[in-house]
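Novice: Give me the fold of what follows.
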Amino acid sequence: MASSVLFLACLLVPVSARGSDRDNPQPYALIFGTVWDPDGHPLYGVKVKIRRADEKKARWELYSNHTGEFAQRLPAGKADYIVWADVKGYKLPSGRQLKPGSEVTVHIDYDERSDIGLHLDW
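Specialist: Got it, this is the predicted structure:
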């Protein structure tokens, strides 16, 4: 009986009064970018990898969306990140083969946004 009363009381208490992580959001940094083909068109579905500059393996992997854009949240704080496009297995409708462009180094100081572009080659 007591457990059913407690259950009903929980249902009646508003969600905002129960407490959540939204009450105390954690700061984060953001790398936002666009993947471009050599002709300057945004590319959909390209795998983007991100790693800390002092590490060898990618820590984050994501794909560009229909407008060629991607975004990755990172821990707030001073750090350098390396961002690159992995075009292994990526096929264009035209059949042309893409080559990865240069890696981009991003420096983050705290909870900021950094906008970049990844430019691929033929």
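
Novice: which is the next helix or strand following the lowest-mean-pLDDT helix or strand in the chain?
Specialist: Averaged element by element with mean pLDDT, DSSP states H and E, the chain has its least confident helix or strand at helix 15-18 (a mean of 55). Using DSSP states H and E, the next helix or strand after helix 15-18 towards the C-terminus is strand 28-36.

Novice: List the neighbouring strands of the helix or strand just after that next one plus their orientation.
Specialist: Using DSSP H and E, the helix or strand that follows strand 28-36 towards the C-terminus is strand 47-52. In the sheet containing strand 47-52, its partner strands are strand 60-63 (antiparallel), strand 79-86 (antiparallel), by DSSP bridges.

Novice: which one of those has the most crowded surroundings?
Specialist: Mean neighbour count (mean count of other Cβ atoms under 10 Å) peaks for strand 79-86 among those, with a mean of 18. Quick note: C-beta positions are derived from backbone N, CA and C, even for glycine.

Novice: Show me what secondary structure element comes after that one.
Specialist: Taking DSSP H and E as the definition, the helix or strand that follows strand 79-86 towards the C-terminus is strand 104-108.

Novice: contacting residues around that next one?
Specialist: 29, 31, 33, 53, 74, 76-84, 114, 116-118 (Cβ atoms under 8 Å, 6 or more residues apart in numbering).

Novice: again, only using 6 Å
Specialist: 29, 31, 79-83, 114, 116 (Cβ atoms under 6 Å, 6 or more residues apart in numbering).

Novice: which among those residues gets closest to D37?
Specialist: Nearest to D37 among these, counting by Cβ to Cβ, is I116 at 16.0 Å.

Novice: give me the beta-bridge partners of the residue most central in space within the chain?
Specialist: Among the residues of the chain, the one closest to the centroid is Q72, at 1.8 Å (Cα atoms, centre = their mean). Here Q72 shows beta-bridge partners I31, assigned using DSSP bridges.

Novice: how close does it get to P38?
Specialist: Between Q72 and P38 the distance, using Cβ to Cβ, to the nearest Å, works out to 24 Å.

Novice: Okay then, goodbye and thanks.
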